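Student: Okay, predicted coordinates and the sequence, questions at the end:
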Amino acid sequence: MLLFVSCTALAAATTIAQATVPLAKPMAFDVVSIRPIQKSGMPAHGFSIQNRPDGVVASWQTVRQLIQYAYGTARLPAQDQITGLPDWATSQFYDIDAKMSDEAIAEFQKLNNAERQHWREAMMQSLLADRFQLRIHRGTKQAPIYEMVIAKGGSRLIDAATDASPRQLGKNADGSTYSGFQFNWDNTVAQQLSMPSLAVFLSHEPAVGRPVVDKTGLFGTYNFTLNWSVYPPANGGAADTAATDPGPSIFKALEKVGLKLVPTAGTLDTIVIDHVERPSEN
C-alpha cells in the first residue's frame, strides 16, 4: 500500500478558490528556508503542502506545484494551464519552511478562512517572486471539462467529523489525521477530503482525462472508499471479473459513492511563465 498525503492546504484553498480579499500592503514571509531534494525515491511522509498557524511547510514540491498553490490550486488543476516552465521546474523537488513574523501572525489570527488562504497565497506569490525570480502573465482558454455533481440517489459520503466507523486513517508525523488518500492495490481510501480537493485530484488523474470542477454544493470534509485503484491490474490492482475489462472505472467508482462526472465545456484560467530561476541560497 502506498500512502499519499495530499496538501492539507488544498481543502482550504479550493473551498475558497474565488476569494478576493484586498491586501493593505505587500505580504511576505519573515523567514524562508528552501532546500533542494537531492535524493531519488519516495518521501517518508508523502508529498504535501501543509498550512501551519505560523506559516507554510512544503515537502517534496516542484516549482509547478508551488505556483499552483500560490495562484489557486482549484483554478489551475490541469497540466496545460501553466505553460513556459523549464524542465527543472517540473522535476526538481524542494522542501520549504516559510514562517510569518509575530506581527503578521497576530493579524492573521483575526481573519476568516477565506481571508487567511488569500493571505497565504499572496505570501507564496511573494516568495516565488523573491527567491525564484518568478514573473508571469495570466489568461483564459475554453476547454472540455467535467462538472462533478451529486448523482441520482444522493451522496453516500461520510462526514469526517461524525464518522464512527472503525476505519484506520493515515496519520501525520504529529499523530493528527491527514487530509488525503490511501492508495491500495484494490481501492482508494479518501479521508478528511473536501469536494474541491477531490476535483483537483481527479483533474490530474489520466483515467479522467480532463479538468474537473466541483459543482456538488458540499462544503464539508468526508471519508469514503472508491472501488478503484491507481495501480493497473497487471501490477496487482483491482480488476473486474470480465477479462476484457481492465478494472473498475473511476466513473463507476464515483457513482457508487453518489458522485457523477458530467462532460461539458468551460473557461479555464491560464498562467504563462515569463521568467523563473533556480532559488537563491538561504
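Tutor: Right, received. Where do you want to start? Numbers count the residues shown, from 1 in each chain.
Student: hang on, Val272 is in a strand, isn't it?
Tutor: Yes. Assessed by DSSP: H, G, I helix; E, B strand; the rest coil, Val272 belongs to a strand.
Student: what's around it, how many residues?
Tutor: Val272: 14 surrounding residues under other C-beta atoms under 10 Å. Heads up, the C-betas are built off the backbone N, CA and C, glycines and all.
Student: quick one: it from Ala74, how far?
Tutor: Applying C-beta to C-beta, to the nearest Å, the value for Val272 to Ala74 is 19 Å.
Student: For stretch 73-82, measure first residue to last.
Tutor: Start-to-end span of stretch 73-82 (C-alpha to C-alpha, to the nearest Å) is 11 Å.
Student: buried sites along that stretch?
Tutor: Using 16 or more other C-beta atoms under 10 Å as the test for burial, stretch 73-82 gives 73-78, 81-82.
Student: Among those residues, which pair sits farthest apart?
Tutor: The distance between the two most remote of the buried residues of stretch 73-82 (C-beta to C-beta) is 13.8 Å, for Ala74 and Ile82.
Student: I'd like the distance between the residue lying closest to Gly153 once chain neighbours are set aside and Pro248.
Tutor: Leaving out its chain neighbours, the residue that sits closest to Gly153 by C-beta to C-beta, 6 or more residues apart in numbering is Gly258, at 6.4 Å. The gap separating Gly258 from Pro248 is 16 Å, by C-beta to C-beta.
Student: ok, now Ala143?
Tutor: Separation of Ala143 from Pro248 (C-beta to C-beta): 27 Å.
Student: quick one: secondary structure of Thr90?
Tutor: The three-state label given to Thr90 by three-state DSSP is helix.
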